[in-house]
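1. just need the structure, nothing else, for what follows:
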Amino acid sequence: MKALLIAGLACALLAGCYTYRPLPSVDAAMPAPGSKIEVHLTTAGASALANQVGPDILYLEGTLVSADATGLTLAVTRSISNRRAETDWKGEHVVLLREHIASVGERKLSVGGTALLGGLAGGGLVAAYALLGGAGGSSANSPPPGPGPQ
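-> You can find the predicted model right below:
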């Protein structure tokens, strides 16, 4: 049962919580290729890319393939419309010009969120362990059966 407790806590911590932290500006140095990023498109960018990514798309998430002075290439894994409708992609490459990008965020581990999740998961596993008899005494330490004191 102790191994189950440790395994459950480890899984919760490995899953982690991630957030997209905005980069200072679109013209700032881009993260390294292979980084997970989220791109917020401008209204003009959403219109210009509608034939490629779909109508009313405001956010594209994916892996940065390359970036240069004119724009960036993104292997898209998800798109989000202005109505919050999400569409999964399979890594198709989309070229985004700098003037079509409102902001860029890099995916980072949220230490606070992960600690909270790990604490809740660990507490829940400890409670379940105690409720299911894992914290009770062993039969070797219990008094022998028979009549009690008279």
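2. what's the neighbour count on Ala104?
-> Slight slip there: residue 104 is Val, not Ala. Counted with other Cβ atoms under 10 Å, the neighbours of Val104 add up to 23. Just so you know, the C-beta spots here come from the backbone N, C-alpha and C atoms, and that holds for glycine as well.
3. where does the chain have low pLDDT?
-> The model of the chain has pLDDT under 70 over residues 1-16, 18-29, 108-126, 129, 134-150.
4. try it again with 80
-> Within the chain, the segments meeting pLDDT under 80 span 1-31, 107-150.
5. which residue ranges of it form helices?
-> Along the chain, the stretches classed as helices by DSSP state H are 2-15, 43-48, 50-53, 111-131.
6. ranges for the strands of this protein?
-> Using DSSP state E, the strands assigned to the chain run over residues 18-22, 36-41, 57-67, 71-81, 86-97, 101-109.
7. now those in TSV, with distance to Ala130?
-> Formatted as TSV, those follow (distance: least, Cβ to Cβ, whole Å):
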stretch	distance to Ala130
strand 18-22	31
strand 36-41	39
strand 57-67	41
strand 71-81	40
strand 86-97	39
strand 101-109	30
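8. give the contact list for Ser35.
-> Going by Cβ atoms under 8 Å, 6 or more residues apart in numbering, Ser35 touches 63-64, 106-107.
9. now do 7 Å
-> 64, 106 (Cβ atoms under 7 Å, 6 or more residues apart in numbering).
10. same check, this time on Ala67
-> With Cβ under 7 Å, 6+ apart, Ala67 has these contacts: Met30.
11. specify the beta-bridge partners of it.
-> Leu72 (DSSP bridges).
12. to Ser47, which of the strands of the chain lies closest?
-> Ser47 lies closest to strand 36-41 among the strands of the chain, at 9.1 Å (Cβ to Cβ).
13. and that closest one with strand 86-97, angle?
-> 80 degrees (axes from the mean of the first three to the mean of the last three Cα atoms, to 10 degrees).
14. now do strand 36-41 against strand 71-81, angle only.
-> Going by the same axes, to 10 degrees, strand 36-41 makes 80 degrees with strand 71-81.
15. which residues are contacting strand 36-41?
-> 20, 31, 49, 57-61, 63-64, 74, 96, 100-107.
16. just the buried ones from the residues you listed?
-> 20, 31, 49, 57-61, 63-64, 74, 96, 100-101, 103-107 (16 or more other Cβ atoms under 10 Å).
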